[in-house]
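# Predicted model, plus sequence, below.
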Amino acid sequence: MSEWSVLNPRQMEAVTLPPGPALVLAGAGSGKTRVLTSRIAHLLEGGAHPGEILAVTFTNKAARAMRERLDGMVAMSLRALWMGTFHGIAHRLLRVQHAALGLPADFQVLDADDSQRLVRRIMREAQMDEKQWPPRAVAGRIGRWKDEGWGPERVQQYEGPAAAPFIPIYSAYEAAKKRSGLVDFGDLLLYALRLWESPEILDHYQRRFQHILVDEFQDTNTVQYAWLKGLARHGQIFVVGDDDQSIYAWRGARVENLLRFGEDFAGTRVVRLEQNYRSTAPILQAANAVIAHNSDRLGKTLWTAEPGGEAIQLYTAYNEVDEARYVVGRIQQWLGAGGRRSECAILYRSNAQSRAFEEALVREGMPYRVYGGLRFFERAEIKDTLAYLRLTANRHDDASFERVVNVPARGIGAVSAERLRNLARARGLSLWQAAGELNQPKINTFLDLVEDLAARTAEADLGERVETVLTHTGLREWHGREGDRAEGRLENLDELINAARNYAQDWSADPHLGDLAPQPGNMLSEFLTHAALEAGDGAGDAWEDGVQLMSLHSAKGLEFPLVFLVGLEEGLFPHQRSLEDPQGLAEERRLCYVGMTRAMRLLVVSHAESRRLHGSERMTLPSRFLREVPREILQELRPRARISRPAMPLRAPALETPFPLGSRLQHPVFGEGVVLDYAAGGRQGRIQVQFGSGSKWLALGVVALERLP
DNA sequence: AGTTCAGGGGTTGCT
DNA sequence: CCCCTGAACT
């Protein structure tokens, strides 16, 4: 328990709270992981059995980190302790309780890409216009409905006629999954919640999990919270979160869950962790000042006991190339002073911004790592291989069938595939069954191949199975054929064999499996689920000391000695699409707060006066967030006197136009609109306005425009 | 069947 | 401008 000595009074209070509901409002860098792990250690020390504890996180990474830390704190075996993501825990419940839910024992999990493909296929069958409704967007909508716990019927009931075209798609999507024995991410949570409808099952788990702990509580969606409320009826629930770091509303997260927690659990004790151990005082002051502009906060003010610290530095760049050049120059300075590249992070609002920085870094020959992009298990060659494995486990997995029926190419084109789908639909068969009925030579080749694979690998260990699939299907050769990416694909395939071998090896030792370790016969199935639930790290080179480039969203939870928060411009950050509604703007501001609080020693913020976006050069205005930083802690690195042409003054209270960016106005012909952009400001200038009918450039002073509140 | 071309669209992304 | 997608082309 050596960690206990370093707990501050508030942390200590949280860790040692008496039994009952607890809400810990943990500011950025306030030691929330330490509090969570210490709380568990405290419970164990107080006599709780590891099997009575359930600790829930959002990411596998967070779950791993917490388990590792806990392992270092307590001597006893933690096998029986359940620690994992909402989805991982739901999955384990479903494996045990599948019968009660009418799920097949060997159900498989669709990842986001699989779901999207399935939605696309269904939309095509329904002859829906993919231009008008991109399948990706439709899959997203369905996902949001599932986050709320709405099935197709409830969508019909709750949503207006605008949702009507999607309801049949949603229903067909659900039916297709059911037919193939598949569940998507939303289903994992929904089925887990449905388990609580059985009083016996609920009672069993309520008795078992005497202590529930939840990390990042502000990120829970409606279904996750309902599940927690059901399970924690005894009130032994300890949640940690930060309403100021709620940046995932667009993904279904409901910060209201945190705001209402105290009402749902009578007698909730609230502890605020406001002492920050990460950043200097000026950084915290800046972050506090920005977030103070949001309303509806539970309210926290971060502080540090450490004296000193450098002011926030602001660089005003000419354009995005200059911005990147400057940032790389500053990194070189940092390195010259003995710093490491990996201590430097460049954080941006949207991934497209990485390009200018990558170009500048390449020019200087400076290694870097870009986060985001395809993860290991999401790569095409990996998913192809897994699809064959899935078919050997379940022939009726239509999603997998469709994926690889013609990979490698074996002359089964769009026409044959269409015929198969039609037959399957007409007769209510799986694609596999339909293929059998069709009895065509080329298709039979594929069926024989899968049967052969299944027979050959029935007794093989996991690594061998993968190996056999790769050689026997010709996938290795296929992905290794010439092309500039072949080498990388082959490396990935080898890595997959490795991953399978390791998975098999760790099988018995995996502490995450706890007391629910499945039967050896299920190893393949579990491995496939593992691949869906844990997409794996991004591409390699992780070991190299490189500058870190990532979006603000990906930076949440991380910290860096030197942070560059770039592109602070109206329309970029805050993003254009959030300017119109206050909720969206508030979330952008929280994102800014998250970004600033990543910095430990030095925070450099920047904006460009002109930026090339979507092909055209645009003049930009400094982000309102910059104006929210107190002037006395902001050091402007390029005096405005040196600015080559008149720029919008950073701190000018009023623009020269009566219609600032984002303001609403009324046009006599086009109606209501929102100001998007300017050209050559002032009263003689033009403004771009988004109307319901589209966006238009208007010359000021031609027609009477009325500003709306 | 694989490659090339035109068109559209462009925020964030965990499980 | 750059990337992805789908259709047309060889």
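That came in fine, so what should we check first?
# burial count for residue A:494?
14 (other C-beta atoms under 10 Å). Any C-beta I mention is one placed from the backbone N, CA and C, and that applies to glycine too.
# who touches the closest residue to DNA strand C within the stretch 451-600 of chain A in this structure?
With C-beta to the nearest atom of the strand as the measure, residue A:485 is the residue of the stretch 451-600 of chain A nearest to DNA strand C, at 11.8 Å. Counting by C-beta atoms under 8 Å, 6 or more residues apart in numbering, residue A:485 makes contact with nothing.
# just the strands in the stretch 451-600 of chain A please.
A:547-551, A:560-565, A:599-608 (DSSP state E, counting those that start in this stretch).
# Save those as JSON lines, and put in distance to DNA strand B, mean pLDDT and mean neighbour count too.
Below are those laid out as JSON lines (distance: least, C-beta to the nearest atom of the strand, whole Å; pLDDT from 0 to 100; neighbours: other C-beta atoms under 10 Å):
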{"stretch": "strand A:547-551", "distance to DNA strand B": "3", "mean pLDDT": "97", "mean neighbour count": "22"}
{"stretch": "strand A:560-565", "distance to DNA strand B": "14", "mean pLDDT": "98", "mean neighbour count": "24"}
{"stretch": "strand A:599-608", "distance to DNA strand B": "17", "mean pLDDT": "98", "mean neighbour count": "25"}
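# With distance to DNA strand C as new columns, can those be given to me in a markdown table?
Converted to a markdown table, these look like this (distance: least, C-beta to the nearest atom of the strand, whole Å):
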| stretch | distance to DNA strand C |
| --- | --- |
| strand A:547-551 | 15 |
| strand A:560-565 | 22 |
| strand A:599-608 | 15 |
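# Tell me the secondary structure at residue A:206.
helix (DSSP: H, G, I helix; E, B strand; the rest coil).
# Equivalent analysis for residue A:384, please.
Going by three-state DSSP: residue A:384 is helix.
# repeat for the one 4 residues further on
Secondary structure assignment for residue A:388 (three-state DSSP): helix.
# Hmm, residue A:385 and residue A:531 touching each other?
No: using C-beta atoms under 8 Å, residue A:531 makes no contact with residue A:385, being 9.8 Å away.
# Now find how far off-centre the longest helix along chain A is within its chain.
Taking DSSP state H as the criterion, chain A has its longest helix at helix A:486-506. Centroid separation for helix A:486-506 versus its chain: 25 Å, with C-alpha atoms, centre = their mean, to the nearest Å.
# Could you do stretch A:213-233 as well?
Worked out by C-alpha atoms, centre = their mean, stretch A:213-233 lies 18 Å from the chain centre.
# how about it as CSV, C-alpha atoms only?
Extracted C-alpha coordinates of stretch A:213-233, given in CSV (Å, rounded to 0.1, in the frame of the first residue of the first chain):
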residue,chain,number,x,y,z
LEU,A,213,-16.5,1.2,-9.9
VAL,A,214,-16.7,3.2,-13.1
ASP,A,215,-14.1,5.2,-14.9
GLU,A,216,-14.9,8.2,-17.3
PHE,A,217,-18.4,8.2,-16.1
GLN,A,218,-19.3,11.3,-18.2
ASP,A,219,-18.8,9.1,-21.3
THR,A,220,-21.6,6.6,-20.5
ASN,A,221,-24.5,6.4,-22.9
THR,A,222,-28.1,5.8,-21.9
VAL,A,223,-27.9,2.0,-22.1
GLN,A,224,-24.7,1.7,-20.2
TYR,A,225,-26.1,3.8,-17.4
ALA,A,226,-29.3,1.9,-17.3
TRP,A,227,-27.3,-1.3,-17.1
LEU,A,228,-25.3,0.1,-14.2
LYS,A,229,-28.4,1.3,-12.4
GLY,A,230,-29.9,-2.1,-12.7
LEU,A,231,-26.9,-3.9,-11.4
ALA,A,232,-26.1,-1.4,-8.6
ARG,A,233,-29.4,-1.3,-6.9
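# can you pull the buried residues of that stretch?
Using 16 or more other C-beta atoms under 10 Å as the test for burial, stretch A:213-233 gives A:213-232.
# Out of these, list just those in helices.
Going by DSSP H, the helices hold A:222-231 from the buried residues of stretch A:213-233.
# For the residue of the stretch 351-500 of chain A found nearest DNA strand C, the count of nearby residues, please.
Residue nearest to DNA strand C within the stretch 351-500 of chain A: residue A:355 (6.8 Å; C-beta to the nearest atom of the strand). Residue A:355: 12 surrounding residues under other C-beta under 10 Å.
# same question, residue A:206
Neighbours around residue A:206, by other C-beta under 10 Å: 17.
# So it is in contact with residue A:233, correct?
Yes: the pair residue A:206 / residue A:233 is scored as a contact, 6.1 Å apart, by C-beta under 8 Å.
# low-scoring stretches of the stretch 351-500 of chain A, by residue?
Low-confidence segments of the stretch 351-500 of chain A, defined by pLDDT under 70: A:482.
# Around DNA strand C, pick out the residues from it.
residue A:355 (C-beta under 7 Å from any atom of the strand).
# Next to DNA strand B, which bits of the stretch 351-500 of chain A? Give me the list.
A:351-352, A:371-372, A:375, A:406, A:409, A:411-413.
# Just flag the most distant two among the residues you listed.
A:371 and A:411 (40.4 Å; C-beta to C-beta).
# Just want to know which of those two has more residues nearby.
Legend: neighbour count by other C-beta under 10 Å for residue A:371 and residue A:411, higher for residue A:371 (18 against 12).
# doesn't residue A:553 make contact with that one?
No: when contacts are counted by C-beta under 8 Å, residue A:371 is not listed as touching residue A:553 (9.9 Å).
# Looking at chain A, which residue is nearest DNA strand C?
Counting by C-beta to the nearest atom of the strand, chain A gets nearest DNA strand C through residue A:615, at 2.4 Å.
# how many neighbours does that residue have?
5.
# do the same with residue A:454
Neighbours of residue A:454 (other C-beta under 10 Å): 16.
# Domains in chain A, by residue range?
Here the domain parsing of chain A from the TED database is A:9-96+A:191-273, A:108-180, A:303-375+A:542-636, A:376-535, A:663-707.
# Tell me the span between the first and last residue of the third one.
Put plainly, it is domain A:303-375+A:542-636. 24 Å (C-alpha to C-alpha, to the nearest Å).
# Could you do stretch A:47-55 as well?
From start residue to end residue, stretch A:47-55 stretches across 17 Å - C-alpha to C-alpha.
# How about the residues of the stretch 101-250 of chain A by DNA strand B?
A:111-112, A:131, A:140, A:143, A:185, A:247, A:250.
# Any chance of CSV for those residues, columns pLDDT, neighbour count and secondary structure?
Listed next are these as CSV, based on pLDDT from 0 to 100; neighbours: other C-beta atoms under 10 Å; DSSP: H, G, I helix; E, B strand; the rest coil:
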residue, pLDDT, neighbour count, secondary structure
A:111, 92, 18, coil
A:112, 92, 16, helix
A:131, 83, 6, coil
A:140, 94, 18, helix
A:143, 95, 18, helix
A:185, 97, 22, helix
A:247, 97, 23, coil
A:250, 95, 12, helix
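# what's near enough to touch the residue nearest to residue A:548 when sequence neighbours are not counted?
Among residues not flanking residue A:548 along the chain, residue A:345 sits closest, at 4.3 Å (C-beta to C-beta, 6 or more residues apart in numbering). Residue A:345 makes contacts with A:547-550, A:555, A:558, A:560, A:562-564, A:598, as judged by C-beta under 8 Å, 6+ apart.
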